[in-house]
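Enquirer: model this:
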Amino acid sequence: MENEVFEHELAAKIKRLRKEANISEEEMAEIIGYHSKVVSAIEAGQRAIGIKTLLKWAQAVGKKLTIDFV
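Expert: As a prediction, this is how the structure comes out:
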């Protein structure tokens, strides 16, 4: 259950960041090297996103990706 909550929160956050950066799904798809349908699935929490893709996403929206184990 915890994983599902985390995945949902992550999906919502990366979608919000993309929109705040005024980047369309199509533009993000080009940046990360996937089809826009994949971007949509990632943002809907229907597809996992890897660290390398998260790094590209963060760079595209002008953010720094940090990971913390607590």
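Enquirer: use CA for all of it now, contacts and neighbours both
Expert: Will do.
Enquirer: distance of Met28 from Gln46?
Expert: 17 Å (C-alpha to C-alpha, to the nearest Å).
Enquirer: just Ile14 next, same as before
Expert: From Ile14 to Gln46 the distance is 14 Å (C-alpha to C-alpha).
Enquirer: equivalent analysis for Ala12, please.
Expert: Distance from Ala12 to Gln46, by C-alpha to C-alpha: 12 Å.
Enquirer: residues near the closest residue to Trp57 other than its chain neighbours, how many?
Expert: Nearest residue to Trp57 in three dimensions, chain neighbours excluded: Ile32, at 6.7 Å (C-alpha to C-alpha, 6 or more residues apart in numbering). Other residues near Ile32 come to 17 when the count uses other C-alpha atoms under 10 Å.
Enquirer: how about the one 3 residues further on?
Expert: Using other C-alpha under 10 Å, His35 has 14 neighbouring residues.
Enquirer: with Ala29 instead?
Expert: 18.
Enquirer: phi first, then psi, for Asp68.
Expert: Backbone torsions for Asp68, taken as degrees, to the nearest 10, come to phi -130, psi 130.
Enquirer: give me every residue that touches the residue most central in space within the chain.
Expert: Residue closest to the average C-alpha location in the chain (C-alpha atoms, centre = their mean): Ile14, at 4.0 Å. Counting by C-alpha atoms under 8 Å, 6 or more residues apart in numbering, Ile14 touches 43, 57.
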